[in-house]
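Participant: Predicted model follows, preceded by the sequence.
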Amino acid sequence: MKINEQIKCVDFPCTDTDNNSYVLPSVDIDAEKIRIVMITEAPPNDKADYFYAAGNPFYLQTTLQAFKDAGASAASMQDILDLGVYITTAVKCGKTQYAVSPDTMKNCSELLEKEIALFPNVKAFMLMGDVAIKMMNNIWKNQTGKKVIPAGSTYKIRGQAYYLGDKRVFPSYTPAGKNFLIEKSKRRMVAADIREAMKLI
């Protein structure tokens, strides 16, 4: 299954994103084998840096470092998929500003909700950053009437066990981008969260 053939944005209503960097995974994915869905914030403005781009894209490099920090053996995106982990972004276009507006999160939530529904055997969601946490909380609130992750700074709320039914939900930090390599405390926390999530599969 190719995700970009299953869902797509047709009208690009958002005003604070760059729709030239709109991207969804185009590789073949066995949805039945995915046990963890990891959701980061937004794709890079340069598609060549996207997780699933050819060669050695930058977002993949830093994410592979996060898996390595966690003790997982992965040298490519296919290795991550083979571990049972699917990586996507909450917003599907690159940002033009530092923050993502509530309207953009609402618009992209419709795509994200359809996307996660493609994976029937998920045991855990890893929400990597505030945008992913907010968007998934809104999706779950619409579905169930309540949010899964409480309000608060990620460093205060992470490390506790949150559940959506029988699925574990991890609030964490994004491993994608240059800041991840610089911020050693966040690297340690992301590695610990990945280790804990991998125990579930």
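Facilitator: Cool, got the structure. Everything quoted here is computed from the prediction, not taken from an experiment. Numbering: from 1, shown residues only.
Participant: center of this structure - which residue?
Facilitator: Ile39 (1.1 Å; Cα atoms, centre = their mean).
Participant: show me the contacts for that residue.
Facilitator: Applying Cβ atoms under 8 Å, 6 or more residues apart in numbering, we find Ile39 in contact with 87-90, 112, 125-128, 132, 135-136. Heads up, the C-betas are built off the backbone N, CA and C, glycines and all.
Participant: Quick check: the two most widely separated of these?
Facilitator: Ile87 and Met135 (15.3 Å; Cβ to Cβ).
Participant: these two touch, right, Thr63 and Ala176?
Facilitator: Yes. Shown here, Thr63 and Ala176 form a contact pair, counting by Cβ atoms under 8 Å, at 5.8 Å.
Participant: what touches both of these two?
Facilitator: Contacts common to Thr63 and Ala176, judged by Cβ under 8 Å, 6+ apart, are Phe51.
Participant: Identify each buried residue in the helix or strand bottoming out on mean pLDDT in the chain, please.
Facilitator: Across the helices and strands of the chain, mean pLDDT, DSSP states H and E gives its lowest value to helix 178-182, namely a mean of 73. For helix 178-182, burial by neighbour count (16 or more other Cβ atoms under 10 Å) applies to Phe180.
Participant: Can you name every helix or strand that the helix or strand following it contacts?
Facilitator: Moving toward the C-terminus from helix 178-182, the next helix or strand (DSSP states H and E) is helix 184-198. The contact analysis (3 or more Cβ pairs under 8 Å, 6 or more residues apart in numbering; DSSP states H and E) places helix 184-198 against helix 58-69, strand 124-128, strand 167-172, helix 178-182.
Participant: Walking through the protein, point out its helices one by one.
Facilitator: Here the chain has its helices, by DSSP state H, at 3-6, 58-69, 77-82, 102-116, 130-144, 154-157, 178-182, 184-198.
Participant: rank these by pLDDT, which is bottom?
Facilitator: Lowest mean pLDDT of the helices of the chain: helix 178-182, a mean of 73.
Participant: For it, output the C-alpha coordinates as CSV.
Facilitator: Output of helix 178-182 as CSV, limited to C-alpha atoms (Å, rounded to 0.1, in the frame of the first residue of the first chain):
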residue,chain,number,x,y,z
LYS,A,178,19.2,19.7,13.2
ASN,A,179,18.0,20.8,16.7
PHE,A,180,17.6,17.2,17.7
LEU,A,181,21.3,16.5,17.4
ILE,A,182,22.2,19.6,19.4
